[in-house]
Structures are given as structure tokens and as C-alpha cells.
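In: One predicted model, sequence on top.
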Amino acid sequence: MLVVDDLRVSFPNRDGGFTQAVRGVSFTLGRERLGIVGESGSGKSQTGRAIMGLTAPEGRVTAKTLAFDGVDLINCPPRERRRLRGGRIAMILQDPKFSLNPVMTIGDQIVETLDAHAKVSRREARERALETLRQVQIDDPGRVYDLYPHEVSGGMGQRAMIAMMLVAEPDLLIADEPTSALDVTVQLQVLAILDRLVAERGMGLIFISHDLRLVSTFCDRILVMYAGRVVEELPAGGLKDAKHPYTRGLVNCLPRLREDRHPLPTLDRRPEWAL
Amino acid sequence: MAHAERVQGGGRRNARLLRAADSVGRFLVVILLTYLGLLAVTFFIGRVIPIDPVLAVVGDRAPEHVIARVREEMGLNKPLWEQFFIYVQKVLQGDFGRSVLTSNPVLQDIRRAFPATIELATLGIILGAGIGVPLGVWAAVRRGGLADQLVRVMGLIGYSAPIFWLGLMGLLVFYARLGWVSGPGRIDVAYEYTLTPVTGFMLVDTAMAGEWEAFGNAFSHLILPASLLGYFSLAYISRMTRSFMLNELNQEYVTAARAKGLSEARVIWRHALRNAMVPLVTVIALSYAGLLEGSVLTETVFAWPGLGLYITNSLQNADMNAVLGGTIVVGSIFIGLNLLSDLLYRVLDPRTRATR
């Protein structure tokens, strides 16, 4: 469904040159769950944004191939690109406190996505928005529909965000740290909802996170990124068999119960891995 | 179940009504206190200033006993607090005293001058905000581009060129050379005496009388000074819009709106500007208040018989009743517009409303 070959994203820096944030990332994705892990600045979010076509205007995106369902995303006219966005490829952002428009009701924000992609009547749009709210396990969707983002909790806000992005029934969902801003207990709830919806609808999922353990339980496949490159690709169960020293370092740093480790292991970052 | 819900709904409605009444009550108290403060300030300015209102009435050659009698008549020998009380009472009745300069009641003078200013300022702010906001949005969207620079230069000129000079140049070009607009004054003398003033607004009066020729004439008098004031406020409003918009365009919800596949126009106008409008309302309201105060320079250049000109003339002639009356009117405008922008703030930003 999604083919990414040699994706590069660069931004102009102060010296008049370009800094490469993503340096030749390649992968293919079907209707499966792909996790992308890496530390901050490793280019994982920029990879997601480049697929969405949301790279900041001063950034430059190039690739040998960047195609979604046979559509060339690099040379695709903006109008076509916009039709895909939200309609067939959707993205969930990190923190509902900032990613929901504070002056629009939750219902209006969900309906808006639908309006952009489907010809529906007002009544039908409302019905579908309420139905989607129900699907993200909001018990009284009628009430939440008319609330403003500041009137709901973080977990509720993120569920509203998911509803807003899934209402137009996309085929691919990019979740950029969807639970990092939430309380731990709420995190599991939101993940469970995401898990169920992705399974039910048979969507492809790109799950971007810095949480290695979370990604390994949630996804089928994991890409480990470091300094703008994919250093290793693993099946989710294969963390133990990681070959790249960076991945092994990450795995080694995961806290373990019932084991007293002194000194705590630290992560080794060798400049040659960034080459 | 349904019944229980209805009862609960009714309770909520009552609670909401109570809360609304409560906030209206608070509002009124705030207005009252602010107004009292305004009156106190104007009253004490009137007493502190070294102009003897008695001398202003009787002249400086009047004999001693006349001065004493007039002083008593005017109540100036009473204690200060009593004088203030009387002053407040009179003001509440709309009695600002008589203007020495025009020998009319001050209220009557203001009634004549203020509509001229309102007409000018309103058209000015409509032009200023109507053009300034879109220009600011445009500059923010094309940040660093040609449009941005263009708006910047326009704003800079509007900001830094003296308005009376712009007024004179405007008259020279559009009135004297091109003949596109009419010159100074509110309307041609030919129409002035055929028109019965009802509201004092030339455009409204002529339109109500069905005198469309006169309406056109009044408009052609109004448009140049109004454009000038509009340009002046545009300079400020567009700069503020630009900076508010830049702030909003960097927010995550804008990225989210784009991720939903909305058109760029919708992202900018419906999402970003809608949020930027919240602080912008205050900026526009205060600009409007500034224009309503009467722009003396513009009114002088265009011989516009407005409030600014009236207050300035009175001040130069030590006509304190008129000055204080004018000051109270201007103060009331500021109070009123501040409250209005507060109200609009609540309408525009759900976060400032009481939670349901």
C-alpha cells in the first residue's frame, strides 16, 4: 500500500546549507502495523509528516519512490494530495491540549473532516460523528459532541482526536506519539481503542514512538531510526535478536523487574552509526 | 429515565440563568464604579485647574459683590463633597452646564459634534479593520515574501507619516487635482439648509429624507477623511493581525486541521484567524475608541465639526464646562467599548465562559 524508497527531508540551516533530518529511509507497508522508534531528532516524526505532506514549507522532501496505493506522492498535485490527507491517510498528533482547535466544538471538528472528503448531509454528518465517538468508547457522544476541547480530559480529548481522524475511514493511520502526553492509566485505554479500530477496519498503521517496549507489543514490525536513518528493521518479537549495537543498547537500557543492576547501563552513540 | 433527565436539564437551565444574572450584576457594578471614578476625575480636574469659572462668566472687570453673588449662585462656596454630589446629580440628568464659547448647553453642542465624529470614525474603523485584518493575514501567510514586505511598508508609512500632511496631500490630489471627492466640511452648503437634522448622521439623515443626491454629496465629503483615519488604524491593525496570525499558524491544531485534508483557505480563515480574532477584538475596539475620541488633526484639516475639534477649541478658550462634558463623553466611550470587547471576548473564546 505504501512504498517509501530513499526518503530524504532537509531543512535550510543558518549557514545557507541544508540539514538533513531524514536521510534515505526506505520501507514498504501493507495493512499491517509498523512501529518507528528512535530518540528525539532521529527523524521519525519528520518521516511521518513527509508521508502526510505536512513538511514545513521551507523543508525539502525528495525520494526515489514515495507512493501510496499507486499514487506518486512526490509529484502529485496539491489538490490530489489534500484529498488523500484525512480521507485515506490520517494522522494522530501527540497532545490533544494543543492539537484540537480551542474555539470549535468537538463535534464540529469531527464533522469538518467528513465534509472535506464526503458529500454528506448535515444530519448524516452528525450521525456519523456521533457513531465514531461511540466507537472510541465515549459513552454519551451527544454531550461530548457539543463540548469544547478545554472542557474534556486529556484521554477524552485524544479519543476525540482519534474520532476526528478516523471518521472519514482512512486506509492508513500515522500515529505520532499518540499516548505520550497522557497519564499512564489513560494511555492503555487509548491504545486499546486504537488497537481495536485498526484491527476492525483493517487499516495500515505507522506507530511513531520513543517507547521501545510499547512499540514491540503493539506492532508487527519495528524500524529503529538513528540520526535520520533506519539502522535496523526487526519483527516485533525479535527484539532479543537485534543485531545493530544501537538497538541492542536501547534494549539493554530497558528497566527490568527483579534484577538489581549497578551501574545502570547507558546508551552508547557512536558517530560512525550516523554516517 | 427520560423524566429524570428532563428534571436535571431544567435544573441546569435555572443554574445557568442564575449565573447569567450574577455576571450581569457584576457587570453593572463594574460599570457604575468605573463611571463614578470617571466623574470624580473630571470633577477634580475642573476644580484643580487654575481657571476661575466665575471670572469666565462675569469677566475680570466685574465688581466684587457681583463676583461673590455669582459664586454663590454657582454653588462654589459649598463644601467640595457637596459640590461633587451636585455635579454627579446634574451629569446624570444630562446637564453639563452651558458652554461659555457657544452659549449653548454643552449637551446640545456635543449632540451636534458627536455624530459627525461617530460617522467619520465608524467608516474609518470599518475600512481599517476590513482591509487591515485581511492584509495582516496575507502578510502572515506569505511571511518574508513580497506581500509581507508590501504590507510592512504600507504600515510603516501609515504609522510614521503625519496624518495632517497625508490629509493635505489627499485633498490636493483627490479633491483639487482629480476632483474625485468633495473638499472640507460634511456636506455642500447648497444642501446644508434644505436638510433637517434628525439623527445628526449625514448619511442617515439624507437617506431617510430620500435625498440621494445629498447622500452622495455627504459621502463624497466623508470618504477622504474616513479613508485617512482608516489607513491610520489599518497600519496598526494589520501589524497586530500579522503577529497574532503567525502565533496561531505555528500551533499544533493548524497542523491537525491540515492533516484532516482541509483546504488551506479554511485552515487559515476558519481555524487560525478565528483564534487570532480573540485578541484582535480588543485591538480593534481600542482603535475605534481612539478614533471616536475625535482626531483633532484630521478634523482640523477637513474642517470637520466633530468632537475632537470641539474639545480642543473649548480647551483653548478655557471653556471648562465644555471640556469636562467632552471628557465625560470620551470616557464613556472607552468604558462602553471596553465592555463591548469583553462581551465579544466571551462570545469568541469558549474558554472564558463559565463551564457548563
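Out: All right, it came through fine.
In: out of everything not next to it in sequence, what's closest to the residue of the stretch 1-150 of chain A found nearest chain B?
Out: In the stretch 1-150 of chain A, the residue that lies nearest chain B is A:Gly86 (3.0 Å; Cβ to the nearest Cβ). C-beta here means a position set from N, CA and C on the backbone, and glycine is covered the same way. In space, and not counting its chain neighbours, A:Gly86 is closest to B:Gly261: 3.0 Å by Cβ to Cβ, 6 or more residues apart in numbering or on different chains.
In: Assess the claim that that neighbour and A:Glu80 are in contact.
Out: No - shown here, B:Gly261 and A:Glu80 do not form a contact pair, counting by Cβ atoms under 8 Å, at 10.8 Å.
In: tell me what the longest helix along chain B is packed against?
Out: In terms of residue count, the longest helix belonging to chain B (DSSP state H) is helix B:2-48. Secondary-structure packing of helix B:2-48 (3 or more Cβ pairs under 8 Å, 6 or more residues apart in numbering or on different chains; DSSP states H and E): helix B:80-92, helix B:320-348.
In: Show me the one of those helices that comes nearest B:Trp165.
Out: B:Trp165 lies closest, by Cβ to Cβ, to one member of these: helix B:320-348, at 25.1 Å.
In: So for that closest one, what gets flagged as buried?
Out: Residues of helix B:320-348 classed as buried: B:320-331, B:333-335, B:337-338, B:341, B:344-345, B:348 (neighbour count, 16 or more other Cβ atoms under 10 Å in any protein chain shown).
In: burial count for the residue nearest to A:Gly86?
Out: Neighbour count for B:Gly261, taken as other Cβ atoms under 10 Å in any protein chain shown: 24.
In: Kindly provide the whole-number mean pLDDT of stretch B:193-213.
Out: If you average the pLDDT over stretch B:193-213, you get 83.
In: what's the following helix or strand after the helix or strand harbouring B:Leu297?
Out: Assignment of secondary structure by DSSP states H and E places B:Leu297 within helix B:296-301. Stepping forward along the backbone from helix B:296-301, the first helix or strand reached (DSSP H and E) is helix B:307-316.
In: Show residues contacting that following helix.
Out: Defining contact as Cβ atoms under 8 Å, 6 or more residues apart in numbering or on different chains, one finds that helix B:307-316 is touched by B:99, B:101, B:109-110, B:113-114, B:116-117, B:292-296, B:298-300, B:319-320, B:322-323, B:326-327, B:329-330.
In: Output the below-cut-off pLDDT ranges for chain A.
Out: A:275 (pLDDT under 70).
In: swap that for chain B, sorry
Out: B:1-13, B:294, B:354-356.
In: Which parts of chain A are strands?
Out: Using DSSP state E, the strands found in chain A span residues A:2-12, A:18-29, A:33-37, A:60-62, A:65-68, A:71-72, A:89-92, A:172-176, A:204-209, A:221-226, A:229-235.
In: most neighbours per residue, which of the ones you listed?
Out: With neighbours defined as mean count of other Cβ atoms under 10 Å in any protein chain shown, those peak in mean count at strand A:89-92, which reaches a mean of 26.
In: quick one: what helix or strand has the residue in chain B that chain A sits nearest to in it?
Out: Nearest residue of chain B to chain A: B:Gly261, at 3.0 Å (Cβ to the nearest Cβ). Here B:Gly261 sits in a region with no helix or strand, counting by DSSP H and E.
In: What values do phi and psi take at it?
Out: Main-chain dihedrals, B:Gly261, degrees, to the nearest 10: phi 90, psi 20.
In: wouldn't A:His210 be in contact with A:Gly35 here?
Out: No - counting by Cβ under 8 Å, A:His210 stays clear of A:Gly35, with 10.8 Å between them.
In: number of nearby residues for B:Ile157?
Out: 12.
In: what helix or strand does it sit in?
Out: Using DSSP H and E, B:Ile157 falls within helix B:146-160.
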